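Colleague: Structure, please.
(2 chains)
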2 protein chains.
Amino acid sequence: MAQNIYDDPAFFEGYSQFTRSREGLAGASEWPSLKAMLPPLNGARVLDLGCGFGAFCRYAVEQGAADVLGIDISEKMLDDARGRGPGLPIRYERADLEAYEPPPGAFDLVFSSLAVHYLADFEAFVARVTRALKPGGRFVFSMEHPVFAARANPEFVKDADGHMVGAVDDYLREGKRLTNWIADGVVKYHRLISTTINTLQWSGLRLDQIEEWRATDADVAAHPEWAEQRYQPMFLLMATSLDPRLSANT
Amino acid sequence: MAQNIYDDPAFFEGYSQFTRSREGLAGASEWPSLKAMLPPLNGARVLDLGCGFGAFCRYAVEQGAADVLGIDISEKMLDDARGRGPGLPIRYERADLEAYEPPPGAFDLVFSSLAVHYLADFEAFVARVTRALKPGGRFVFSMEHPVFAARANPEFVKDADGHMVGAVDDYLREGKRLTNWIADGVVKYHRLISTTINTLQWSGLRLDQIEEWRATDADVAAHPEWAEQRYQPMFLLMATSLDPRLSANT
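Modeller: Model (predicted):
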């Protein structure tokens, strides 16, 4: 059973204040890059694993998705999501992604935003995702960048010249990290980029594209709070598919 | 034209003292992992780009390679290599990997150890490698890990707890780095893991396996000087192929 920190009242209150919580996809710096990795959604059946407030589910419907299923462990977030989209072809179900088995061969797209680093068993998760895809289906997801996630509490330190640099510790040691983010003791799991890629490929998913998100000068002009993301990686995005020769999800 | 620091007398003298220079493959910590990524070499035609003292060329012959071509920019290293293997089916040629065009469709395996981070134009290099492969051929290579290579002069610094951590700077900013390694002003090029992978795949090479090398406890017991490589990444290894369905290089 994964930790359900999102239903902790103080955590939920803190998380709800984030720009990405208040503004949805428009408030997520990496969203344009992730969006560019998506297949056409018109008529698609879509599964969102870790859907939170449902921003991506609603986006998929706007793009013409025929049917969207959003899964999250947080009852508070699902309640909020349900309230925002009555009448839309979206179903929300509460489930733990460590165990949730989606219907097999049912989806053109499985999407997951910033959720997989909470999972202890990525291999089993990817196997379930793979089974859930139709032939040619895509799995597109984001995660905390492992350089950032390797250290329980990422920080900047001064080097010999007094210059601020990112502190990377234990990058090669995979496993549980207890981080203090909004609340103390949030459980995350660090795994290497290589482990992530090999796990996907060994499960039968082909890696079509990978991106280590970085802020452009234009991004920072519009969002000064993203300045350090010009140099230090925070988000890793990947697009994968069951069949590399299929160009659309039809 | 790539920098030819290896023919600088002081650099050559310093480099020649390294364990991996004196002991060949047995002195390279990552060699067992790289070896495990190789296809069967019996009867194979092999190209080694950045062959140095020729250790891998001689290994390929020991494994039954029919014909081996070793390319390096360093005349001193090639002279040394030629002296170690008279009578073997190995040809050594001096060339700059930034420009060298191998014969097309000629090789079952293109191999390259710790050379590509010296190249300014990785995309053009990969295109030449791809053209040099027979159908089903493999390109297996190692490079400095980008976390390590991002900073011109990698170092450890103390965090707030006085713990030594790796300093990572400018990971997301790709390009030239001037590093002081044996000699001052050695030119290297930092590129992201994602850029490396996307470049390979867009060139028509499929990523079959990726490894961020780490030292085991047994490694460190035998080689105490590798201790920090239990935690901090130094080498990145990749195995790619033109055709993922070919199981052997015949």
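Colleague: How many residues are close by A:R84?
Modeller: When neighbours are defined as other C-beta atoms under 10 Å in any protein chain shown, A:R84 has 14 of them. To be clear about C-beta, it is placed using only N, CA and C from the backbone, and glycine gets the same treatment.
Colleague: from what I can see it touches A:R58, true?
Modeller: Yes: using C-beta atoms under 8 Å, A:R84 is in contact with A:R58, at 7.0 Å.
Colleague: so A:A227 sits in a helix?
Modeller: Yes: according to DSSP: H, G, I helix; E, B strand; the rest coil, A:A227 belongs to a helix.
Colleague: which non-adjacent residue is nearest it?
Modeller: Leaving aside its sequence neighbours, A:A227 sits nearest to A:V220 (C-beta to C-beta, 6 or more residues apart in numbering or on different chains; 5.2 Å).
Colleague: Now for the one you found, how many residues are close by?
Modeller: Using other C-beta under 10 Å, A:V220 has 15 neighbouring residues.
Colleague: With A:A106 instead?
Modeller: With neighbours defined by other C-beta under 10 Å, the count for A:A106 comes to 16.
Colleague: in chain A, what spans have low per-residue confidence?
Modeller: For chain A, the stretches flagged by pLDDT under 70 are A:243-250.
Colleague: So what touches the longest strand along chain A?
Modeller: In chain A, assigned by DSSP state E, the strand with the most residues is strand A:133-144. With C-beta atoms under 8 Å, 6 or more residues apart in numbering or on different chains as the test, strand A:133-144 has contacts from A:30, A:34, A:37-39, A:45, A:105-117, A:126, A:129-130, A:149, A:188, A:196, A:200, A:205, A:208, A:234-243, A:246, A:249.
Colleague: Point to the residue nearest the middle of chain A.
Modeller: Nearest residue to the geometric centre of chain A (C-alpha atoms, centre = their mean): A:S113, 2.0 Å.
Colleague: How much space separates the residue nearest to it when sequence neighbours are not counted from chain B?
Modeller: In this structure, A:S113 finds its nearest non-sequential neighbour in A:S142, 5.2 Å apart by C-beta to C-beta, 6+ apart. A:S142 sits at a distance of 13 Å from chain B (criterion: C-beta to the nearest C-beta, to the nearest Å).
Colleague: Give the bridge partners for A:S142, please.
Modeller: Beta bridges link A:S142 to A:S113, A:L237 when assigned by DSSP bridges.
Colleague: Distance check, it against B:G14.
Modeller: Distance, A:S142 to B:G14, using C-beta to C-beta, to the nearest Å: 44 Å.
Colleague: who has more neighbours, those two?
Modeller: A:S142 (24 against 14).
Colleague: circling back: now do the SS call for the residue nearest to A:A227.
Modeller: Following three-state DSSP, we place A:V220 in the helix state.
Colleague: which residues does the residue nearest to the centre of chain A contact?
Modeller: A:A28, A:L34, A:D48, A:G50, A:G52, A:F56, A:F141, A:S142 are the contacts of A:S113 under C-beta under 8 Å, 6+ apart.
Colleague: Of those, which is the most crowded?
Modeller: A:D48 (27 neighbours).
Colleague: That one sits in which helix or strand?
Modeller: Applying DSSP states H and E as the criterion places A:D48 in strand A:45-49.
Colleague: Just want the angle from whichever helix or strand comes after that strand to strand A:45-49.
Modeller: For strand A:45-49, the following helix or strand on the C-terminal side (DSSP H and E) is helix A:55-62. Angle, helix A:55-62 to strand A:45-49, by axes from the mean of the first three to the mean of the last three C-alpha atoms, to 10 degrees: 170 degrees.
Colleague: what's the offset of helix A:55-62 from the middle of its chain?
Modeller: 15 Å (C-alpha atoms, centre = their mean, to the nearest Å).
Colleague: how many other residues sit next to A:G166?
Modeller: When neighbours are counted by other C-beta under 10 Å, A:G166 registers 25.
Colleague: same question, the one 3 residues further on
Modeller: By other C-beta under 10 Å, the residues close to A:D169 number 19.
Colleague: from what I can see it touches A:A149, true?
Modeller: No: contact criterion C-beta under 8 Å: A:D169 and A:A149 do not qualify, at 11.2 Å.
Colleague: does A:Q3 count as helix, strand or coil?
Modeller: Three-state call for A:Q3 (three-state DSSP): coil.
Colleague: how many neighbours does the residue lying closest to it once chain neighbours are set aside have?
Modeller: Nearest residue to A:Q3, sequence neighbours excluded (C-beta to C-beta, 6+ apart): A:V187, at 4.6 Å. Neighbourhood size, A:V187 [other C-beta under 10 Å]: 14.
Colleague: and what of A:E23?
Modeller: Count around A:E23 with other C-beta under 10 Å applied: 11.
Colleague: Helix or strand: which one has it?
Modeller: Here A:E23, judged by DSSP H and E, is contained in helix A:19-23.
Colleague: List the buried residues in that helix.
Modeller: A:R20, A:S21 (16 or more other C-beta atoms under 10 Å in any protein chain shown).
Colleague: Check which element follows it along the chain.
Modeller: Counting by DSSP H and E, what follows helix A:19-23 is helix A:31-36.
Colleague: what's that following helix in contact with?
Modeller: A:L25, A:S113, A:V140, A:S142, A:E211, A:W213, A:L237.
Colleague: that older thread, report the angle between the longest strand of chain A and strand A:45-49.
Modeller: Going by the same axes, to 10 degrees, strand A:133-144 makes 30 degrees with strand A:45-49.
Colleague: List the buried residues of strand A:133-144.
Modeller: For strand A:133-144, using 16+ other C-beta under 10 Å, the buried residues are A:L133, A:K134, A:G136, A:G137, A:R138, A:F139, A:V140, A:F141, A:S142, A:M143, A:E144.
Colleague: can you check stretch A:49-64 too?
Modeller: Buried residues in stretch A:49-64 (16+ other C-beta under 10 Å): A:49-61.
Colleague: likewise stretch A:161-176?
Modeller: Buried, per 16+ other C-beta under 10 Å, within stretch A:161-176: A:V165, A:G166, A:A167, A:V168, A:D169, A:D170, A:Y171, A:L172, A:E174.
Colleague: quick check, nearest of the contacts of A:S113 to B:L88?
Modeller: When the contacts of A:S113 are ranked by distance to B:L88 (C-beta to C-beta), A:F141 comes first, at 48.8 Å.
Colleague: ok so, going back, work out the gap between the strand holding A:D48 and the centre of the chain.
Modeller: Computed by C-alpha atoms, centre = their mean, the separation of strand A:45-49 from the middle of its chain amounts to 12 Å.
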